[in-house]
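Colleague: what would the 3D arrangement of this be:
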Amino acid sequence: QVQLVESGGGLVQAGGSLRLSCAVSGRTFSRYRMGWFRQAPGKEREFVVAVSWSSGSTYYADSVKGRFTISRDTAKNTVYLQMNSLKPEDTGVYFCAADRSPTTGWASFPHSYDYWGQGTQVTVSS
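Modeller: Below you'll find the model as predicted:
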């Protein structure tokens, strides 16, 4: 089993920044793909960004390219999501997820991920 715990959400004005963290624990996950998703009220869960734990290669949703940056600290077993130039449409619950058998081309699909955190709320006011 893998446990994921997100933190760092909060309320911020448009144009501001937040950094989310996802602490990872449990079985060996060096080959996993880690992803961030978000879900706004009444909407489906939306892919934000993913990173390969081993190689560090990344894949971003077009809506966040140039504003968000994912990184991982392998020593601390933590994945970060730096969010800059936040917009009201970035509001939602942000979830960290882990895919134990990553397949090329499937990074943006929620059903590809096996483990999920509880989520952290991000609210961007206009």
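
Colleague: contacting residues for the closest residue to A97 other than its chain neighbours?
Modeller: Leaving aside its chain neighbours, A97 sits nearest to Y113 (3.8 Å; criterion: Cβ to Cβ, 6 or more residues apart in numbering). Every C-beta, even on glycine, is put in place using the N, C-alpha and C of the backbone. Y113 is in contact with 35, 97-99, counting by Cβ atoms under 8 Å, 6 or more residues apart in numbering.

Colleague: between the residues you listed, which sits nearest T78?
Modeller: Set against T78, the nearest of those by Cβ to Cβ is A98 (12.6 Å).

Colleague: tell me which other helices or strands the helix or strand containing the closest one touches.
Modeller: According to DSSP states H and E, A98 maps onto strand 92-99. On a contact count with 3 or more Cβ pairs under 8 Å, 6 or more residues apart in numbering; DSSP states H and E, strand 92-99 meets strand 2-7, strand 18-26, strand 33-39, strand 46-52, strand 115-116, strand 120-125.

Colleague: count of neighbours near K65?
Modeller: K65 has 10 neighbours, counted by other Cβ atoms under 10 Å.

Colleague: ok so, going back, give me phi/psi at the residue nearest to A97?
Modeller: The phi and psi values for Y113, taken as degrees, to the nearest 10, are phi -100, psi 140.

Colleague: run through the bridge partners of G35.
Modeller: In this structure, G35 bridges to A50, A97 when assessed by DSSP bridges.

Colleague: pull the contacting residues for it.
Modeller: Counting by Cβ under 8 Å, 6+ apart, G35 touches 47-51, 96-99, 107, 113.

Colleague: could you double-check that Q82 lies in contact with R19?
Modeller: Yes. Using Cβ atoms under 8 Å, Q82 is in contact with R19, at 5.0 Å.

Colleague: got a pLDDT number for the nearest residue to L86 once chain neighbours are set aside?
Modeller: Distance criterion Cβ to Cβ, 6+ apart; nearest residue to L86, sequence neighbours excluded, is V124 at 4.6 Å. For V124, the pLDDT comes out at 98.
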